[in-house]
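# here's my sequence, what's the structure:
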Amino acid sequence: MSELPQSSPSPIQRSWQRCLHQGLLRQQSAELDLLPQGELSARQEQHKTLITCFQRFVLPLFAQLLAGRPCRLLLCDGEGAILAASGDDGFARHAERIFLRSGARWGEASKGTNAIGTALAEQSEVQVLGAQHFFAQHSFLSCSACPLLGPDGQLLGVLDISTDAAHHGGDMLGTVRLLAMTLENALLARQPGWLVDLDPQSLWSARLLLGEGGELLGANRAGRLWLGQHPFDGRQLLRDRRGLRLEPEPVVIQTETQPLPAVPAGVPLKMLERGISLLIEGETGSGKEHLVRALHRASSRRDKPLVCVNCGALPADLVEAELFGYVGGAFSGARSQGRQGYLRAAHGGILMLDEIGELPLLAQTRLLRVLQERSVTPVGSHKPEPVDFWLVSASHRDLAAMVAAGTFREDLYYRICGWRQQLAPLRAWPQGERLGLIQCLLAEMDPALQLTPQAEQQLLAHPLPGNVRQLKQALEVACVLAEGQGWIEPAHLHLPEVAAMPAPRGATTLRAQSRLRVQQTLAECGGNVSEAARRLGISRTTLYRALREEG
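All right, here's what the predicted structure looks like:
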């Protein structure tokens, strides 16, 4: 215990004692504790309601409270496994060195003293600053975490804010507590029953969930505290109300469908079914992964695994171990039982390699061999294992230009580019389709809200370089700011100022740019509408409509 700062609070001291009792050594590396392949998706499905509330109610508030600060917000389950993460991408790359990302488990048994694992062990909010972490490799971090409780008061998981030690402000613990309460209130409000708000004027008032007969179905934190201080008579509450606001809360069924750019899904699906590799290109946020998931659901392999890998998020020194797997003891920090790897996890199903242009050249060479031989040799092994998967690659970068520059292997490019599918950026959509997308997203988020004509025009005029992803986040923030007002005003749309998009010569508006692009592509295709639509990443119906609008 001599290395622990003397001023450390008692929860940190108790955590260090637990770590020492388990035989952990501070100067060693923490165990590489990752969920087995496929289990992350299973847990995300198990906690679908929790993740939906996190994305809809917590992330917009987090973005407003900590805008521009280098931090990450992590949603974890009851074992400390990270289910979802959001925040600063720059810090995310820094945190990848210690696997602070989705799919990693941060319990004390493998990661020592840390905010996530210690909050679970103590079942209370906790802050772990710099050198208070048990393992020295984690001392560049400072983290604040708060346990999440379900409507029944049972522990669901943990919400954590992590930063580098120099940027962890004194407000972080209060912020994560506020976000946890927001998430718990959202979970309570999604249950069927009568929601009793004991102080309608307060956002954080005590709330009880009652059945038709007055039976107690659930409560938020303040509600459980109120129950400990007052006699409970649910029937009486329902009978005389006594100024309490009672609301029947309907069950809202969330669907996975979202309107996205029209693409000729039939052609890519036919290519996949025949084992031809797909390359999907498009700007960040344009819906590449959504298209792959739609193809998977429509394919003959819909009951087989879909493994999506963000190559740009793989730690540089462990790319091959993550992709190809490893045997136990293959390198320092490796799990004794080894790891399957993403490619073997996709056996029998579909493998999506997103941002494939970020792969180092050595990993590109090994991937090419796998695709040629249809077998994988795990790191530390000499025994190849057969694999069978359909390959979909995706990138927002120009891979052909990277080939010319020598940063992407030419032979690998032709191997993955059996069929090239281009997704159009949101700014290139016809105005009617963009407006339809905006209205559909808003109806899913809050059917009671509408856009004023001025706000609608502001959204349509903005180039939205982040595409559908940026549009969705802008609407989520606006819904929070306009709650209870009925209308979303321009002041509710926090859209960043962006430099004007470079326009082709003679084009002065987005509409003119789109029209010019259609004309140029159609000319290049010799008037072949089907080929022009494929190159533009739109359907023939959309292209015909654009041509009719031109007259």
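# can you count the residues close to residue 338?
For residue 338, the number of neighbouring residues by other CB atoms under 10 Å comes to 18. C-beta coordinates here come from the backbone N, C-alpha and C atoms, glycine included.
# quick one: it from residue 472, how far?
Distance, residue 338 to residue 472, using CB to CB, to the nearest Å: 39 Å.
# then residue 79?
30 Å.
# more crowded one of those two?
residue 472 (20 against 17).
# for the strand or helix carrying that one, packing partners?
Taking DSSP states H and E as the definition, one finds residue 472 inside helix 467-481. Counting contacts by 3 or more CB pairs under 8 Å, 6 or more residues apart in numbering; DSSP states H and E, helix 467-481 packs against helix 59-65, helix 431-445, helix 453-461.
# which one of these is the most hemmed in?
helix 59-65 (a mean of 18; mean count of other CB atoms under 10 Å).
# pull the CA atoms of it into PDB?
Extracted in PDB, the C-alpha atoms of helix 59-65 (Å, rounded to 0.1, in the frame of the first residue of the first chain):
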ATOM      1  CA  LEU A  59     -25.700  11.600 -25.200                       C
ATOM      2  CA  PRO A  60     -27.300  14.900 -26.200                       C
ATOM      3  CA  LEU A  61     -27.000  16.200 -22.600                       C
ATOM      4  CA  PHE A  62     -23.500  14.900 -22.400                       C
ATOM      5  CA  ALA A  63     -22.600  16.700 -25.600                       C
ATOM      6  CA  GLN A  64     -24.000  20.000 -24.200                       C
ATOM      7  CA  LEU A  65     -22.300  19.700 -20.800                       C
END
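# check the offset of that helix from the chain's centre.
15 Å (CA atoms, centre = their mean, to the nearest Å).
# got it, and stretch 157-172?
How far stretch 157-172 lies from its chain's middle: 19 Å, per CA atoms, centre = their mean.
# thinking again about what came up before, and the helix holding residue 472 with helix 453-461, angle?
Between helix 467-481 and helix 453-461, the angle comes out at 160 degrees (axes from the mean of the first three to the mean of the last three CA atoms, to 10 degrees).
# I'd like to know which elements the helix or strand just after helix 467-481 is packed against.
Where DSSP H and E defines the elements, the next helix or strand beyond helix 467-481 is strand 487-488. Of the remaining helices and strands, those touching strand 487-488 by 3+ CB pairs under 8 Å, 6+ apart are strand 450-451.
# how does it look with 10 Å?
Contact here means 3 or more CB pairs under 10 Å, 6 or more residues apart in numbering; DSSP states H and E; on that basis strand 487-488 packs against strand 450-451, helix 453-461, helix 467-481.
# and of the ones you listed, who's closest to residue 136?
Proximity to residue 136 (CB to CB) singles out helix 467-481 among those, at 36.8 Å.
# buried set for the closest one?
467-480 (16 or more other CB atoms under 10 Å).
# do stretch 116-132 as well
116-122, 125-132.
# and it, end to end?
13 Å (CA to CA, to the nearest Å).
# and it, how far from the chain's centre?
The chain centre lies 24 Å from the centre of stretch 116-132; the measure is CA atoms, centre = their mean.
# and stretch 191-199, by the same measure?
30 Å.
# any idea of the mean pLDDT in that stretch?
Across stretch 191-199, pLDDT averages out at 78.
# how far does it stretch from start to finish?
For stretch 191-199, the end-to-end distance is 19 Å (CA to CA).
# so the residue lying closest to residue 87 once chain neighbours are set aside is in which element?
In this structure, residue 87 finds its nearest non-sequential neighbour in residue 72, 3.8 Å apart by CB to CB, 6 or more residues apart in numbering. For residue 72, the host element (DSSP H and E) is strand 71-77.
# okay, the following helix or strand past that strand in CSV with CA atoms only?
Beyond strand 71-77 on the C-terminal side, the first helix or strand identified by DSSP H and E is strand 82-87. Extracted in CSV, the C-alpha atoms of strand 82-87 (Å, rounded to 0.1, in the frame of the first residue of the first chain):
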residue,chain,number,x,y,z
ILE,A,82,-18.3,-1.5,-21.9
LEU,A,83,-21.5,-1.6,-24.0
ALA,A,84,-21.3,1.8,-25.7
ALA,A,85,-19.0,4.8,-25.7
SER,A,86,-19.1,8.4,-27.0
GLY,A,87,-17.0,11.6,-26.8
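# neighbouring strands for strand 82-87, and are they parallel or not?
strand 71-77 (antiparallel) (DSSP bridges).
# ok now the partner strand, how far from the chain's centre?
Strand 71-77 sits 11 Å away from the centroid of its parent chain (CA atoms, centre = their mean).
# count of neighbours near the nearest residue to residue 15 once chain neighbours are set aside?
Excluding the flanking residues, the one nearest residue 15 by CB to CB, 6+ apart is residue 113, at 4.1 Å. With neighbours defined by other CB under 10 Å, the count for residue 113 comes to 28.
# same check on residue 27?
Residue 27: 8 neighbours (other CB under 10 Å).
# name the nearest residue to residue 64, sequence neighbours excluded.
Using CB to CB, 6+ apart, the closest residue to residue 64 is residue 477 (6.6 Å).
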